[in-house]
Structures are given as C-alpha cells and as structure tokens.
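S.K.: Here is the input, now give the coordinates:
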Amino acid sequence: MEEMGNCRFVAKVIKEVPPSGIRRFFDMVSGNGDIISLGVGEPDYVAPWHIREACIHSLEQGETSYTSNSGLLELREEIARNYTQRQGIYYDPESEILITSGVSEALDLAIRAIVDNGDEIIVIEPTYVAYIPSIVLSGGKAISVPTFRDDEFRVNAEEIEKRITDRTKAIILNYPNNPTGATMPRENLEAVAKVAEKHDLVVITDEVYERLTYTGKHCCIATLDGMKDRTIVLNGFSKAYSMTGFRLGYILAPKPLLDAMMRIHQYTMLCAPITSQIGAIEALKYGETEVQAMINEYNRRRRLIVKGFNDIGLDCFNPGGAFYAFPSIATTDLTSNEFAERLLEEQKVVTIPGDVFGQSGAGFLRCAYAASREDIKEALERIESFINGI
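M.R.: Numbering: from 1, shown residues only. Predicted structure coming up:
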C-alpha cells in the first residue's frame, strides 16, 4: 500500500490535516532513559481510590450495559448541581446536558453540529492542537486571532471583530488556556460577549481546566447576560479529577444546539461508558477534598517553575490556570523546534515547541508542571545547563 499522501483511497481533507506536533515529541522519547517530561498534558496523579472503588463495585454488580444516549440521569443531575453551585447558572439535566466520551468528542460534536461547508470559526492562538483540524474535518475554515505575551495571552475583542465576515459562525475560547495557562477575567469576556451578540455568533468555550484556576475566580461566558442561549460549554473529568483514561466529558448547551449534537452522538458514539459515568458521579459527590489538595499542589509547582524560568533568563509570565508554563526562548536565538529537539537530545528534558500551537506560539515552549517538584527542579537545572552550553 502506498504512503497516505499518495494513496488514492484517502480522502483529500485527511491529507490536509497534519499529524500532531505533540505526539511527534512523545515518539522521540521512546527508548530513551533518564527522561524528565514536561511535555505531557496529563495529571501525574492517579484517580482517587474512592472513584476507582465505585467503578470496581459497579462492575461487580454487573453494571455493564449501555446508558441512554444522554448519559446517566444521576450524573447529569450532579453536573447541573455542580455548575449551579460554582457558577450560578442552571442547565436542565433532561434537555441541556449531554455526556460524551471525553471532551474530544464534545468538541467534535459542537463543531460538526454548527458548521456548514465554508463556514468560518475563529480560534485564539496559541491554540490547542485539536481545534483547527476539527474545523477542517467538518468542512469549515479556521480563522486565527493572535494573542501576545504583553497581554498575558488574553484575546482582544477588537481583534476578533476585525476578522469577522459574513461566513463567520462561531468563536472557540479556551480559558484557562492550553498551552499558555492564561485566564480571562470577567471584563475581558464581557467584551467578547458583546462581539458575539452583535454579530450573532455561537461561542464554544472549552473549560476542561476551569477548576485549575489559581488567580481570581473562573468566569464561564455562558453566565453573562444573553450568552447562555448562544454558548456551548465543554468540560470533563480528566484534569480536575485525574480521570484522563476514563474518557469522559460533557456538554452544556441550549436545547436546540444540544439536540443537533445528540443527532451526531447517537449515530457515532451511542453513549459514554457506564463504568466511567459511575466513577464521575462519585467524583462530583465526594471528590472535592482531593481536587482542592491537587489545586494547592499545582499552585506550588506553578510558582516554582515560573520563578525557575525567570531566574535562568527565560522570561515567563505568571499563568493563572491550567498546569502549563509558557516561557520565551527569544534570548537563545533558537527556534522553538530547535530548542526542544536539542534539549531532549542533550539534556533529556521533554518540552513542546510553542509553534505547534500556531504561529503565535513561535519563540515559546509549553512546559507542563504536572510533574513532581523534584523533577521540575532537576529539569530547570538541565535547561540552565543547556542554555549555558549554547
């Protein structure tokens, strides 16, 4: 069989989608010893025992069936209660909440449900690597809006408005942000909301890191006046509850939009795994103590890594959320890719080049501090040695 690019059986749109730049660095690590990874966007915690125990007990009780397409009603009720408690906004468990197989499926459903061929979706750079390919695979066109270190990587509503055309359908937001760790205060979101209302746009907000907020309080744009009816909220259990392998997410949206997403979900995924849903119920009911302990530990690591980068001469703004630092490597005269590849080869430290997340990330590195403090300290020492040897 020919290589994919030359194979006549492969759809043209697939050939337009590049392989993940993050995965390339994971592959490079294979077979190398003494590696310290700041590249993995995954908590270094195991899901708490009581969550795993709830899953085990459910299996022992023979709970191995399909659930409704929407997911277990008890889980949807717990999500509704949780959002009402934390954000002051109510979603009807019967008609406005859909359980998905990870936030990745939620993103795919949200985009496919609203995009017609040629529609434009605005994405904020640096951007999570899945957004643009998901838009392209749906027949849409991604329009990038850059953000900058001097603005703490917060998007400017005026820059969004400059790029709106008669084909613009939606804006994708991701705060706290992957890869920068940036957050968006309420007043900044209000400016974006006004643009969305003025031009009658949908807002898709990916909030999988919203519990990992260290400065201020996370504001969900759906809570702003007039925004619930035009906002699709994506969230999940991977980051806050260390449940990455459970592959469980959810969507909060007004009924007409949720019905459209359900139309796709019921033919492609059918339902999320029942075992994971049972674990998520346990997490929402009884997992807050572990969440707070994890947030506090990430906050300590955040301060450690940011100070460390600044001390060795790599300017790093103070991220307000997620578990990523985004230091500038401008002083080294290396590209992001050159720096990351040489750092891995010479010092065995994994980082991700910033331009994997779009051109706005050129000259930066994404460094996950979902690693122990000991590993972070050792990684910083190795990075300093690398810089001194350039």
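
S.K.: Roughly how far does residue 105 sit from residue 172?
M.R.: 16 Å (CB to CB, to the nearest Å). All C-beta spots, glycine's among them, are computed from the backbone N, C-alpha and C.

S.K.: need the contact list for the closest residue to residue 74 other than its chain neighbours.
M.R.: Sequence neighbours aside, residue 281 is the residue nearest to residue 74 in space, at 5.7 Å (criterion: CB to CB, 6 or more residues apart in numbering). Residues near residue 281 by CB atoms under 8 Å, 6 or more residues apart in numbering: 54, 72, 74, 75, 78.

S.K.: got a pLDDT number for the third one?
M.R.: Just to be clear, that refers to residue 74. pLDDT for residue 74: 98.

S.K.: What number of residues are in the vicinity of it?
M.R.: Counted with other CB atoms under 10 Å, the neighbours of residue 74 add up to 15.

S.K.: where does it land in three-state SS?
M.R.: helix (DSSP: H, G, I helix; E, B strand; the rest coil).

S.K.: separation between it and residue 220?
M.R.: Counting by CB to CB, the gap from residue 74 to residue 220 is 23 Å.

S.K.: In the stretch 251-390 of the chain, where is pLDDT below threshold?
M.R.: Within the stretch 251-390 of the chain, no stretch falls below the threshold (pLDDT under 70).

S.K.: Am I right that the residue nearest to residue 74 falls within a helix?
M.R.: Yes. Assessed with three-state DSSP, residue 281 lies in a helix.

S.K.: which helices and strands does the longest helix that the chain contains pack with?
M.R.: With secondary structure taken from DSSP state H, the chain has its longest helix at helix 288-311. Helices and strands touching helix 288-311, as assessed by 3 or more CB pairs under 8 Å, 6 or more residues apart in numbering; DSSP states H and E, comprise strand 324-325, helix 373-389.

S.K.: I figured residue 34 hits residue 348, correct?
M.R.: Yes. Contact between residue 34 and residue 348 holds when scored by CB atoms under 8 Å: they sit 5.3 Å apart.

S.K.: So these two - more neighbours on which side?
M.R.: residue 348 (16 against 8).

S.K.: all helices for the stretch 1-150 of the chain, in order.
M.R.: 12-15, 21-29, 49-60, 73-87, 102-114, 131-137 (DSSP state H, counting those that start in this stretch).

S.K.: most tightly surrounded among these?
M.R.: When the helices of the stretch 1-150 of the chain are scored by mean count of other CB atoms under 10 Å, the highest mean neighbour count falls to helix 102-114 (a mean of 24).

S.K.: contacts for it?
M.R.: By CB under 8 Å, 6+ apart, helix 102-114 touches 98, 100, 121, 130-131, 134-135, 138, 140, 169-170, 202, 204, 206, 208, 232, 234-236, 238, 247-251, 253, 257, 260-261, 263-265, 269.

S.K.: Sitting in helices, which of these do you find?
M.R.: Short answer: the contacts of helix 102-114 in helices (DSSP H) are 131, 134, 135, 257, 260, 261, 263, 264, 265.

S.K.: Could you work out the most separated pair of those residues?
M.R.: For the ones in helices among the contacts of helix 102-114, the farthest-apart pair by CB to CB is 131 and 263; their separation is 21.9 Å.

S.K.: circling back to that earlier point, nearest to residue 371, of the helices of the stretch 1-150 of the chain?
M.R.: The closest of the helices of the stretch 1-150 of the chain to residue 371 is helix 21-29. By CB to CB, the value is 13.7 Å.
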